[in-house]
Structure formats: structure tokens, C-alpha cells
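*Asks:* Only the shape, not the letters, is given here:
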């Protein structure tokens, strides 16, 4: 019998097997070199054919980057608007109410060859995000997660497994969402997506517990130890405290928050890149017979820039015209706004996020780097000191989460024997220092990108069930 673990991550995904003794990882992507970690990415072209993983990103970049976006007005349907009656309409029948049919139009990118989706996992718990428009169709969030899970299940099948349908699939302790039932919504959607992906008997298992199991398999403690799993990835921070003896364990507490690498990327974007695109710039506008100097209305662009999948919507005359006016003024302001115009018109929104993420990763080893954006003729220096200044609110939240999970378990930091850090964001030096300050000489890194899949496979082999949900 094989245990199968599927880590459907915010940024990356992986698949592992466990036979009771050894762990194995599956090559997930068609390449000359084996890739045991796959970007969690989905690309849908205009025929609605799907591509998953690194090939999805490559197709998007090839088909879209640098393409001039032209929005066109498109009729999307009609709605009826009923206005309640008033004293003046009382004699018109139906209590004076007036009903009128209104045709609804939207600006669409008619030449868009395909849509790329990243961080799908972050949408699962949002009650208000049920469907996403993809060309002329409305895709449920479940339908976007399914192709990625299908690829992971197929990878498990390809090595001859006969029980992939009953794999353990990772779940966050707490999913992102604005309502109290965000995690329940996300788990329902994940269960449905797993069913459609050929995983009808999947067990959704907490990811930080899986990380602890993976560590305990590698370094069992015959005399017993208290382990904190610190899983800091692309979308969430998940923590679990377990009391273990050998490879057997008892869960003491878990806690989680929707904080991850995506949040950090947005902090860098706001702090370092926005000013280079015109945030804070002053422009001259006519008021009557005089010209007044006013701030450029950057807030009209900020949220769509941060949500790169919607940045193409900025190609609207009423949004482009203020930029063009600013560019005509020349000088430093004109240069900054020229970059904003090129970013929007040239469809470079995703390239900006890739460059930010690359610089963030480089700062794990270097003191100085740059966000390099040749598409915008822009290089923004970024030092580790500047980066850590941007991180201050993130570090404060992490510190609060660590305190909370200890409180939930009724422990103090001195009672924790080892802190197992995993996930790409756990490699940030400031995060490491925070943990080492609280748990001196007890923090270890453990396979940042594969430990979750490994622990899920171990849990699958032993038939472990997830602990009952409890307040975190």
C-alpha cells in the first residue's frame, strides 16, 4: 500500500508517495530536468483549453506580454429596473411602479488570447467570489481549481498508483475570506473540486500538521518532544503545535492567518514601484482661467495594478487620458507617468509581479538587489534594510500568530523543543530572526517546498484523519 500526498499550494504544488519506509516525489512537468515542484498556475485560451504549471505561465507570457490592449464595448445582456411608485405615478397602474428594460454593456479585451490564473487557492474562501468571467463564460472558482488538481492526480496515477482517488490533499488552517465561514466555504469548494478531479475519496488534511509529520519521519524523537510547525507560504501562515514520541503525535493547537508571499509582494509594489509609476506626482490642470497643481489621481489605478489579472481594465479612455496629459507635461512627472502608460498599454502587469518576486527571493541571500523591469526601462534598487522596513507590519502579525498558537496550547515558548519552518516565505531572513529570537537554537529549516506533500503522504499511509475543527 502506498500513501499519497497532494499539496495544492497557493504558489506551488507537489505530489509525494510513502510506502512505510521511504518517501518519493513525482516529476510534475514535461521538461529535460525532473521538476518535483510545479507552479500552481492555470492558463485558459479562447477555446477554453487548459494548460497547467510552468507551461501555463510560458504560454501566457508568450501570448500576452507586450501586446497592446484595446478594450471594446460589448453587450453582455439586459436587465429590468423597477422604480417604486410615487405620488406623481400613482395613476399608472401597478401601484405607480415603472419598469424599464436596460441593455448592459461592458468593456472587454476582445483580442486577449488567454487568461492566466495564479493563487487560485486564495479565492476559495471568498463568499462573494463565486464565478469569474473568462471571455464569454462565467467560471466557478471550483472549475478553476479542478484542472490543477486533475494534473496532480494524473501525476500520481502515472507512477502506477491504484489509490490516488483516496489521497490526502492539503488544506490551510484558515482560508482567506471576509466572512466568519470562509474556511467552511473553502473546504466545501475543495471537496467539490477534488471530486471533479478524480479524487472523490480525498481527505483534506491540515498542512502544518503534515509538515510536522514529515519532520518527525526524518528526525524521530524516541524520548518525546514538542514541535511547532511554522508553514509560511505564498498565501497563508499556518502553525501547529504537536506533542510527539517517535513518529506518533498528539495535536495541541493550530492557528492560521491569510498572510503570505502574495501579501509581501504587494507591499514591495506599493512601497517601491508605485512612486516610479506616478504615485505622489503633481500635475497641472485647468480650473477656470488658471492652471492649478494637484496630485495625480493614482488611487484610480492602484487596486487594479495590485490585482494584475484585472490590470487590462485600465485601458479605458477616461483612465488613460489623465496619464497622457501628465506625460505631455514632460519632466520627471512625465517620465513616471509614461511608465504607467506603457505598463497598462503594453500589458506588463504580470511581468512586474514576477520581477518583484524574483527580487524578494534574491534578498534571502543578498543584501542588495533590484527590481528589474526592462519592459518599462526601469530598475529600482532594493536593499534588505528597505525590504525589512516594509515588512514591519507583517513581522508584527507573525509574532501575534506565534503568541496565539502558544496561548491556544497553554504553553510558553520555552516549552517548545523545535520549530520547523517550511514554505518559501519562511526563508526570509527577518522571519528567521524573529523565530530564533523567540526560540533560540531551536529553529530548523525543513524542505521548504516539498515537506507538506511528504507529510500528507505519511498521513495517507497511516490513515490519519484530520482533527476536529476548533476555534483557532
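*Replies:* Structure's in. What do you need? Worth saying up front: this structure is predicted, and the values here are computed from it rather than measured.

*Asks:* Now do the helices in the protein.
*Replies:* For the chain, helices defined by DSSP state H occupy the ranges 54-64, 141-158, 182-196, 207-218, 261-268, 299-306, 317-328, 331-345, 349-362, 384-390, 392-409, 429-438, 451-462.

*Asks:* Need the residues that contact the fourth one.
*Replies:* Yep, that's helix 207-218 we're talking about. 5, 7, 23, 168, 170-173, 227, 229-231, 238-240, 242, 244, 246-247, 249, 251, 254, 256, 418, 420, 422, 444, 446-447, 451-456, 458-459, 464, 466-467 (CB atoms under 8 Å, 6 or more residues apart in numbering). (C-beta placed from N, C-alpha, C; glycine too.)

*Asks:* That one: which residues count as buried?
*Replies:* 207-217 (16 or more other CB atoms under 10 Å).

*Asks:* per the record, what domains does this protein have?
*Replies:* Listed domain ranges for the chain are 3-68+115-203, 71-109 (source: automatic domain parsing).

*Asks:* For those domains, give me TSV that also has distance to residue 353.
*Replies:* Shown next, in TSV, are those (distance: least, CB to CB, whole Å):
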stretch	distance to residue 353
domain 3-68+115-203	9
domain 71-109	19
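
*Asks:* I'd like the ones you listed laid out as TSV, including mean neighbour count, distance to residue 295 and mean pLDDT.
*Replies:* Output for these, formatted as TSV (neighbours: other CB atoms under 10 Å; distance: least, CB to CB, whole Å; pLDDT from 0 to 100):
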stretch	mean neighbour count	distance to residue 295	mean pLDDT
domain 3-68+115-203	19	28	91
domain 71-109	11	26	56
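
*Asks:* Contacts only, for the residue lying closest to residue 297 once chain neighbours are set aside.
*Replies:* What sits nearest to residue 297 in space, not counting adjacent residues and going by CB to CB, 6 or more residues apart in numbering, is residue 322, at 6.5 Å. Shown in contact with residue 322 (CB under 8 Å, 6+ apart): 283, 296-297, 300.

*Asks:* how far away is residue 322 from residue 284?
*Replies:* As judged by CB to CB, to the nearest Å, residue 322 and residue 284 stand 12 Å apart.

*Asks:* what's the offset of stretch 194-208 from the middle of its chain?
*Replies:* 19 Å (CA atoms, centre = their mean, to the nearest Å).

*Asks:* ok so, going back, can you list which of the contacts of helix 207-218 are found in strands?
*Replies:* 5, 7, 23, 168, 170-171, 227, 229-231, 238-240, 242, 244, 246, 249, 251, 254, 256, 418, 420, 422, 444 (DSSP state E).

*Asks:* Buried among those residues? Make that a PyMOL selection.
*Replies:* Per 16+ other CB under 10 Å, the buried members of the ones in strands among the contacts of helix 207-218 correspond to this PyMOL selection:
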select buried, resi 5+7+23+168+170+171+227+229+230+231+238+239+240+242+244+249+251+254+256+418+420+422
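
*Asks:* Residue 245 is in contact with residue 226, isn't it?
*Replies:* No: Residue 245 lies out of contact with residue 226 (CB atoms under 8 Å); the separation is 10.6 Å.

*Asks:* From the contacts of residue 322, pick the one nearest residue 312.
*Replies:* Distances from residue 312 to the contacts of residue 322, taken as CB to CB, are shortest for residue 300 (15.2 Å).

*Asks:* Grab the nearest non-local neighbour of the closest one.
*Replies:* Residue 300 sits nearest to residue 319 (CB to CB, 6+ apart), 6.3 Å away.

*Asks:* likewise residue 448?
*Replies:* Excluding the flanking residues, the one nearest residue 448 by CB to CB, 6+ apart is residue 422, at 5.2 Å.

*Asks:* May I have the beta-bridge partners of the one you found?
*Replies:* Here residue 422 sits in beta bridges with residue 231, going by DSSP bridges.

*Asks:* quick one: it and residue 366, what's the gap?
*Replies:* 22 Å.

*Asks:* Residue 163 now?
*Replies:* Taken as CB to CB, the span from residue 163 to residue 366 is 45 Å.

*Asks:* From residue 422, how far out is residue 232?
*Replies:* Distance from residue 232 to residue 422, by CB to CB: 8 Å.

*Asks:* Distance from stretch 255-267 to the middle of the chain?
*Replies:* Centroid separation for stretch 255-267 versus its chain: 8 Å, with CA atoms, centre = their mean.

*Asks:* typo on my end, stretch 134-145
*Replies:* With CA atoms, centre = their mean, you get 17 Å for stretch 134-145.

*Asks:* Between the two ends of that stretch, what distance do you get?
*Replies:* 14 Å (CA to CA, to the nearest Å).

*Asks:* I would like the residues contacting it, please.
*Replies:* Residues outside stretch 134-145 that contact it (CB under 8 Å, 6+ apart): 8, 42, 44, 46, 48, 112, 115, 117, 120-121, 123-124, 126, 129-133, 189-190, 192-193, 196.

*Asks:* Pretty sure residue 191 sits against residue 204.
*Replies:* Yes: applying CB under 8 Å, one finds residue 191 in contact with residue 204, separated by 6.8 Å.

*Asks:* burial of residue 415, as a residue count?
*Replies:* 13 (other CB atoms under 10 Å).

*Asks:* Name the nearest residue to it, ignoring sequence neighbours.
*Replies:* residue 226 (6.0 Å).

*Asks:* For that neighbour, give me its contacts.
*Replies:* Residue 226 neighbours (CB under 8 Å, 6+ apart): 241-244, 252, 411, 415-418.

*Asks:* Could you point out the bridge partners of it in the sheet?
*Replies:* Here residue 226, judged by DSSP bridges, has bridge partners residue 243.

*Asks:* What separation is there between it and residue 251?
*Replies:* 11 Å.

*Asks:* Mind listing the shared neighbours of those two?
*Replies:* With CB under 8 Å, 6+ apart, residue 226 and residue 251 have common neighbours 241-242.

*Asks:* residue contacts, residue 2?
*Replies:* So residue 2 contacts 17-19, 161, 163, 457, 461 (CB under 8 Å, 6+ apart).

*Asks:* I'm done for today, thanks for sticking with me.
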